[in-house]
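Trainee: Predicted model follows, preceded by the sequence.
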Amino acid sequence: MRVVKVDPAVLADGLFLIGQAWIKYGAGDHEGANADVDAAVDLLPRQGVEAILFMIEAGELPTPGPGPEAMDAWLEQCRQAGAGELRVNLGYMPVAAPPDRPETEAEFRMRLAQKYGTGSVPPPMTSLADELRAMGLM
């Protein structure tokens, strides 16, 4: 496995840019969000930026927002990263064998619902990461 070490100050700057992108995307400023993601990718590995976006979506990191409480929580994460208290470790787990055919979105959602016992299949959502991927930026 390849390990990429990132200076804590650089991680803090990357997190800040990702938070700005999240807020701009939510406000409809897709061009500004894309520019911030590109700037974050200049600092951090692309997979790291994607992982951080997914961590926000999963609730593992606070959701950056325009309000003072949301922004304070996000800036605290940036501070922790700069102080070396927050680290992002990326790993790769190979799949044993590829499936005979790709799983459809409906099958995937049903499998997740069964695995995590949600009882219902959530409606399809688009995320910042999905939108950026669809635009060819990730």
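Mentor: Cool, the structure landed. Numbering: from 1, shown residues only.
Trainee: low-scoring stretches of this protein, by residue?
Mentor: For the chain, residues meeting the criterion pLDDT under 70 lie at 1-4, 90-99, 115-128, 137-138.
Trainee: The same query, at a cut-off of 90, please.
Mentor: Across the chain, the ranges flagged by pLDDT under 90 are 1-7, 45-48, 50-51, 54, 58, 65-71, 86-138.
Trainee: All the strands of it, in order from the start?
Mentor: With DSSP state E as the criterion, the chain has no strands.
Trainee: what's the single longest helix in it?
Mentor: When every helix of the chain is counted residue by residue (DSSP state H), the longest turns out to be helix 8-26.
Trainee: With only the CA atoms kept, save that helix in PDB.
Mentor: Extracted C-alpha coordinates of helix 8-26, given in PDB (Å, rounded to 0.1, in the frame of the first residue of the first chain):
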ATOM      1  CA  PRO A   8      -0.800  19.100   8.900                       C
ATOM      2  CA  ALA A   9      -0.900  22.700   7.700                       C
ATOM      3  CA  VAL A  10      -1.600  21.600   4.100                       C
ATOM      4  CA  LEU A  11      -4.300  19.200   5.300                       C
ATOM      5  CA  ALA A  12      -5.900  22.100   7.200                       C
ATOM      6  CA  ASP A  13      -5.800  24.300   4.100                       C
ATOM      7  CA  GLY A  14      -7.300  21.500   2.000                       C
ATOM      8  CA  LEU A  15     -10.100  20.900   4.500                       C
ATOM      9  CA  PHE A  16     -10.900  24.600   4.500                       C
ATOM     10  CA  LEU A  17     -11.100  24.600   0.700                       C
ATOM     11  CA  ILE A  18     -13.300  21.500   0.700                       C
ATOM     12  CA  GLY A  19     -15.600  23.200   3.300                       C
ATOM     13  CA  GLN A  20     -15.800  26.300   1.100                       C
ATOM     14  CA  ALA A  21     -16.600  24.100  -1.900                       C
ATOM     15  CA  TRP A  22     -19.400  22.400   0.000                       C
ATOM     16  CA  ILE A  23     -20.900  25.700   1.000                       C
ATOM     17  CA  LYS A  24     -20.700  27.200  -2.500                       C
ATOM     18  CA  TYR A  25     -22.200  24.100  -4.000                       C
ATOM     19  CA  GLY A  26     -25.100  24.300  -1.600                       C
END
